[in-house]
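Undergrad: starting from these lines, generate the structure:
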Amino acid sequence: MDDVEQLVSTKATPALFPDVKEHLTRLQGKYDMSVLSNGDLVSLERAVNGLGIPVHRAISAEQAGY
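TA: Numbers count the residues shown, from 1 in each chain. So this is what the prediction gives:
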């Protein structure tokens, strides 16, 4: 794997801090969970799918016209 492929792979699957998933799971019972990203839509979709937690809405900068 070259440097570019490694960077893209790492960006596509961000790692959560150890206790984040537990807290997000608890909060999703009380709130609609949303993700805002300054990246493109494809990267955002990969990242959200990698979270393993349902989100109500995901918005990328690309969708906002940036």
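Undergrad: low-confidence regions, this structure specifically.
TA: 1, 8-14 (pLDDT under 70).
Undergrad: hey, where'd the helices end up in it?
TA: Assigned by DSSP state H, the chain shows helices spanning 3-12, 20-28, 41-51.
Undergrad: quick one: which of these is nearest Gln63?
TA: Distance to Gln63, taken as C-beta to C-beta, is lowest for helix 41-51 among the helices of the chain, at 6.1 Å. Backbone N, C-alpha and C define where each C-beta goes, glycine included.
Undergrad: Tyr66 is nearest to which of the helices of the chain?
TA: Taking the helices of the chain one by one with C-beta to C-beta, helix 41-51 is closest: 11.6 Å.
Undergrad: and that closest one, what does it pack against?
TA: Using 3 or more C-beta pairs under 8 Å, 6 or more residues apart in numbering; DSSP states H and E, the elements in contact with helix 41-51 are helix 3-12, strand 34-37, strand 57-60.
Undergrad: Glu45: neighbour count?
TA: Counted with other C-beta atoms under 10 Å, the neighbours of Glu45 add up to 14.
Undergrad: hmm, back to that, mind putting the helices of the chain into CSV with distance to Ser60?
TA: Listed next are these as CSV, based on distance: least, C-beta to C-beta, whole Å:
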stretch, distance to Ser60
helix 3-12, 13
helix 20-28, 19
helix 41-51, 4
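Undergrad: most tightly packed of the helices and strands packed on helix 41-51?
TA: Ranked by mean neighbour count under mean count of other C-beta atoms under 10 Å, those are led by strand 57-60, which reaches a mean of 15.
Undergrad: just to check, Ser43 is in contact with Ser37?
TA: Yes: using C-beta atoms under 8 Å, Ser43 makes contact with Ser37 at a distance of 7.3 Å.
Undergrad: got any residues that touch both of these two?
TA: Ser60 (C-beta atoms under 8 Å, 6 or more residues apart in numbering).
Undergrad: quick revisit: among the helices and strands packed on helix 41-51, which is nearest Gln28?
TA: Once the helices and strands packed on helix 41-51 are compared by C-beta to C-beta, strand 34-37 is nearest, at 10.7 Å.
Undergrad: that closest one pairs with which strands?
TA: strand 57-60 (parallel) (DSSP bridges).
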